[in-house]
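Visitor: Show me how the following folds:
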Amino acid sequence: MSNTDEGIKMIKDRLCCKRLLLLLDDVNKKNQLNALMGKCDWFGEGSKLIITNREVVNVIEVDCAYELNCMDYNKSLQLFSKCAFRRDCPLDDYLTHSRKAVGIAQSLPLALEVIGSSLSGSKKEKWDVILKMLEKVPHEEVSSKLKISYETLDDRQKHVFLNVACLFIECDKNIVIQMDDSELFRKKPWKLCSICP
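Guide: Numbering: from 1, shown residues only. Presented below is the predicted three-dimensional model:
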């Protein structure tokens, strides 16, 4: 396809009678969404569309919205155990270490998988060293994947993110949301926080 219009025509022609499940991740502009699925009649009856970006969802008509919550502790421990031990629960000798790892990962699935896989097959001594290090510095693979998400933000979103990350640790989410348009978020974070890069 040489341009967006060609792509739109192809999508309409080829998918108009097909029932499909479409997952759109990292779509952050309305024009991207319009090019991929302008109207519901582009796809066959019974099609499902999942969009992972709440800001894009807010500008289109949706049947339902679902906010994903963090994994609960037991599911987090289970996911970690599958990656570290290839089973649903940690080995008895590693239970304390596994709980510590889940705490460090803060129930983030990506972090649980990366940390669990990196500790798999290691002796307790190595676990002690790695977990101690991870308490201070996040795992490089997790950091690099999270950095991709950060890089997709526009300048204003980056400023807000850095201000929240540096200044509102363990604050009530609702307080931060109410402050979104305040003077604080219009300033560059490095003028507010000496630890920001």
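
Visitor: Tell me the buried residues in stretch 113-126?
Guide: For stretch 113-126, the neighbour count (16 or more other Cβ atoms under 10 Å) marks 113, 114, 115, 116, 118, 119 as buried. (C-beta placed from N, C-alpha, C; glycine too.)

Visitor: List the contacts of the closest residue to the last one other than its chain neighbours.
Guide: Residue nearest to residue 119 in three dimensions, not counting chain neighbours: residue 84, with 5.1 Å by Cβ to Cβ, 6 or more residues apart in numbering. With contacts defined as Cβ atoms under 8 Å, 6 or more residues apart in numbering, residue 84 is in contact with 90, 94, 98, 101, 115, 116, 117, 119, 120.

Visitor: quick one: contacts for residue 85?
Guide: Residue 85 sits next to 91, 94, 120 when contact means Cβ under 8 Å, 6+ apart.

Visitor: State the distance from it to residue 115.
Guide: Shown here: residue 85 relative to residue 115, a distance of 13 Å by Cβ to Cβ, to the nearest Å.

Visitor: wait, what's in contact with residue 87?
Guide: Contact criterion Cβ under 8 Å, 6+ apart gives residue 81 as the residues in contact with residue 87.

Visitor: For it, give me phi and psi.
Guide: phi -150, psi 170 (degrees, to the nearest 10).

Visitor: Repeat that for residue 51.
Guide: Torsion angles, degrees, to the nearest 10, at residue 51: phi -120, psi 130.

Visitor: from memory it sits against residue 30, does it?
Guide: No: contact criterion Cβ atoms under 8 Å: residue 51 and residue 30 do not qualify, at 11.3 Å.

Visitor: Please identify which of the two sits among more neighbours.
Guide: When residue 51 and residue 30 are compared for neighbours, residue 51 comes out ahead with 19 against 13, by other Cβ atoms under 10 Å.

Visitor: So in terms of bridging, what pairs with that one?
Guide: Listed by DSSP bridges, the beta-bridge partners for residue 51 are residue 24.

Visitor: mind checking how far it is from residue 84?
Guide: Shown here: residue 51 relative to residue 84, a distance of 33 Å by Cβ to Cβ.

Visitor: in this structure, which spans are strands?
Guide: Listed in chain order, the strands of the chain (DSSP state E) span 21-24, 48-51.
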